[in-house]
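Trainee: Sequence plus the predicted model coming up.
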Amino acid sequence: MKDKAKNHWLILVILALAQFMVVLDTSIVNVALPAIQKAFHMPVSSLQWLVTAYTLAFGGFLLLGGRAADLYGRRKLFMIGTAIFGVASLLDGLAQTGGMLIALRAAQGLAAALMSPAALSIVLVTYREGHERNTALSVWGSVAAGGAAAGVLLGGIITEYLGWRWNFFINVPVAAAVIFATWRLVPAHESEETHNQLDLPGAISITGALMLLVYGLVEAPSHGWTSHTSLGYFIVSLLLFAYFVMNEQRVQNPLVPFKIFRIRNVTAANLIQMPIMAGMFSTFFFVSLYAQRVLGYSPVKTGLCFLVIPVAIAVSATNVPRLVKKIGFKPILMVAPLVTASALFYLSHIRVGGNFAHDLLPGFVLMGLGMGATFISITIAATSGVSGKESGLASGLLNTAQQIGGAVGLAVLTGIASSVAANYLTHLNLLRQPSNLELLTAQVHGFHAAFYLATGFMITASVLAAVLLKQQKVSETDVKSAMTSAG
């Protein structure tokens, strides 16, 4: 019995390690951006694609990955995705051009889309209702919240001492270990469905719609928001989405059974997740550039700056589960995004001649506290009341909202930052090449605008939580029920 219990929790360690690797790779390249730019002579406008290509492919294929896990077996999809992730990481480290690296980052994102929903689905059906699953979801939420911050720290250390390519090479042995441990310890988790018909037209149409939307948002600042090119991306994206909705309503086995949205908190949690991630991604991208380009920090020093975030997340994540038992997750999801909003508002006042203690530290502490509370609570809300055979779909939806929200947010915020920086230089009416100080000042003005808008995203998430989430009773029994999905 002791061995069985030990294996029971070793499964969570394996799945959490894989999820940590997936989330880590969303942010690990942020600190390495200047080194990669120098290695491949990439223009600044192309740098965001090293982040966006991963999140875009991740978000675009998550619904496909989640449903495939339900249909073909969770462990099988998880191991396949982990194997592809390891191979793509190896090739990332061997990339010879910026374009090649961007394409391989997209391959990593596709692999992550197979891994992540399958892993969370296994968690949901492995751990019993009540304290056991409460603990498992708390660990899962903490890993999801801490992975992004830890990615910046590890990215800084690896970039400075081993070189930026090792940010990708390090995934290879980890992926191999996860595959071996999964094969030995994780049950097969075969499909609970009576069919194995994957809705390919639905998968292709929703993936295409999401990817064209984000690509259009990324390119709109350079082409113009009302240009034929930008409008073309948005119109085709809208048409594909309309086709997806019609297809899902008429096919026998849809990719996304719309009945899942009848579960109020599932729908609400996914809508809340998008503006949260839209605002949160900005922190790691813009602050990494600010620390190295404006403050002149090394990659390691930049990474160490972010260390306070996972520490604050740990403090928050340790206490939030007890708070959920007392008051439910709705009040937490009303307040936690406002804590994160205060962090982003603080960061909107960073200075050209700034320093860590004054310009970053207070914002980072608030950011970590808000992130820890938000991720745990929203994971519980988004998986409440979902049947075991649709657990992969529910986790796929949550991860889709996370990645698409982050990709769209980063696209919009980088566009805003670039436009504000360009306008600042234009208004200087210089008849000469701008000085380095003037360029840095323009860039910081752009960061300010991006953080102001990110603050608005967080406030929107808080309002959505207040309006859309179903209130839970204070009793422990009812809170436990809300934190589970039937296995």
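Mentor: That came in fine, so what should we check first?

Trainee: Now for residue 257, how many residues are close by?
Mentor: Each residue near residue 257 was counted by other CB atoms under 10 Å, and the total is 14. All C-beta spots, glycine's among them, are computed from the backbone N, C-alpha and C.

Trainee: And it, how close does it get to residue 199?
Mentor: The spacing between residue 257 and residue 199, counted by CB to CB, to the nearest Å, is 10 Å.

Trainee: Find residues that contact each of these two.
Mentor: Both residue 257 and residue 199 are contacted by residue 248, under the criterion CB atoms under 8 Å, 6 or more residues apart in numbering.

Trainee: Would you map out the domains in the protein?
Mentor: According to the domain assignment given by automatic domain parsing, the chain is divided into the following structural domains: 2-188+255-482, 199-254.

Trainee: I'd like those domains laid out as JSON lines, including mean pLDDT.
Mentor: Below are those laid out as JSON lines (pLDDT from 0 to 100):
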{"stretch": "domain 2-188+255-482", "mean pLDDT": "82"}
{"stretch": "domain 199-254", "mean pLDDT": "85"}
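
Trainee: hey, which of those is tucked in deepest?
Mentor: domain 2-188+255-482 (a mean of 21; mean count of other CB atoms under 10 Å).

Trainee: all helices for the stretch 351-487 of the chain, in order.
Mentor: Listed in chain order, the helices of the stretch 351-487 of the chain (DSSP state H, counting those that start in this stretch) span residues 361-382, 391-427, 436-468, 476-482.

Trainee: okay, the angle between the first one and helix 391-427?
Mentor: If you take axes from the mean of the first three to the mean of the last three CA atoms, to 10 degrees, helix 361-382 sits at 150 degrees to helix 391-427.

Trainee: what's near enough to touch residue 254?
Mentor: 199, 202, 247, 248.

Trainee: Relative to residue 218, how far out is it?
Mentor: Using CB to CB, residue 254 is found at 29 Å from residue 218.

Trainee: So residue 469 sits against residue 271, correct?
Mentor: No. With contact taken as CB atoms under 8 Å, residue 469 and residue 271 are classed as non-touching, separated by 9.8 Å.

Trainee: Please look at residue 78 and residue 182 and confirm they touch.
Mentor: Yes. Shown here, residue 78 and residue 182 form a contact pair, counting by CB under 8 Å, at 6.4 Å.

Trainee: ok, back up a step: narrow the contacts of residue 254 to those in helices?
Mentor: Those of these mapping onto helices are 202, 247, 248, per DSSP state H.

Trainee: In terms of distance to residue 424, which of these ranks first?
Mentor: Distance to residue 424 across the ones in helices among the contacts of residue 254 (CB to CB) is lowest for residue 202, with 45.0 Å.

Trainee: Which residue is the nearest non-sequential neighbour of the closest one?
Mentor: residue 255 (3.8 Å; CB to CB, 6 or more residues apart in numbering).

Trainee: And residue 16, by the same measure?
Mentor: Excluding the flanking residues, the one nearest residue 16 by CB to CB, 6+ apart is residue 143, at 4.7 Å.

Trainee: about what we covered before: in a markdown table: the helices of the stretch 351-487 of the chain, plus distance to residue 96.
Mentor: Below are the helices of the stretch 351-487 of the chain laid out as a markdown table (distance: least, CB to CB, whole Å):
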| stretch | distance to residue 96 |
| --- | --- |
| helix 361-382 | 36 |
| helix 391-427 | 26 |
| helix 436-468 | 29 |
| helix 476-482 | 51 |
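
Trainee: Quick one: closest of those to residue 164.
Mentor: Between residue 164 and the helices of the stretch 351-487 of the chain, the shortest separation by CB to CB is 19.9 Å, and it involves helix 391-427.

Trainee: rewinding a little: for residue 337, which of the helices of the stretch 351-487 of the chain is the nearest?
Mentor: helix 436-468 (4.1 Å).

Trainee: what helices or strands is that closest one leaning on?
Mentor: Contacts of helix 436-468 with other secondary structure elements, assessed using 3 or more CB pairs under 8 Å, 6 or more residues apart in numbering; DSSP states H and E, are made with helix 264-289, helix 329-347, helix 391-427.

Trainee: and it with helix 361-382, angle?
Mentor: Computed by the same axes, to 10 degrees, the angle between helix 436-468 and helix 361-382 is 30 degrees.

Trainee: what's downstream of the helix or strand that residue 66 is a member of, the next helix or strand?
Mentor: When secondary structure is defined using DSSP states H and E, the element that contains residue 66 is helix 44-72. Next helix or strand after helix 44-72 toward the C-terminus (DSSP H and E): helix 74-93.

Trainee: after that next one comes which helix or strand?
Mentor: helix 98-126.

Trainee: so that following helix versus helix 361-382, what angle?
Mentor: For the pair helix 98-126 and helix 361-382, the angle between their directions (the same axes, to 10 degrees) equals 50 degrees.

Trainee: Next, the angle helix 74-93 makes with helix 98-126.
Mentor: Orientation note: helix 98-126 sits at an angle of 160 degrees relative to helix 74-93 (the same axes, to 10 degrees).

Trainee: Residue 251 contacts residue 202, doesn't it?
Mentor: Yes. With contact defined as CB under 8 Å, residue 251 counts as touching residue 202 (6.8 Å).

Trainee: for the helices of the stretch 351-487 of the chain, which one sits closest to residue 321?
Mentor: Comparing the helices of the stretch 351-487 of the chain by CB to CB, helix 361-382 comes nearest, at 6.8 Å.

Trainee: so how far is that closest one off the chain centroid?
Mentor: Once both centres are worked out by CA atoms, centre = their mean, to the nearest Å, helix 361-382 turns out to sit 13 Å from its chain's centre.

Trainee: orientation of that helix relative to helix 264-289 in degrees?
Mentor: Angle between the axes of helix 361-382 and helix 264-289 is 150 degrees (criterion: the same axes, to 10 degrees).
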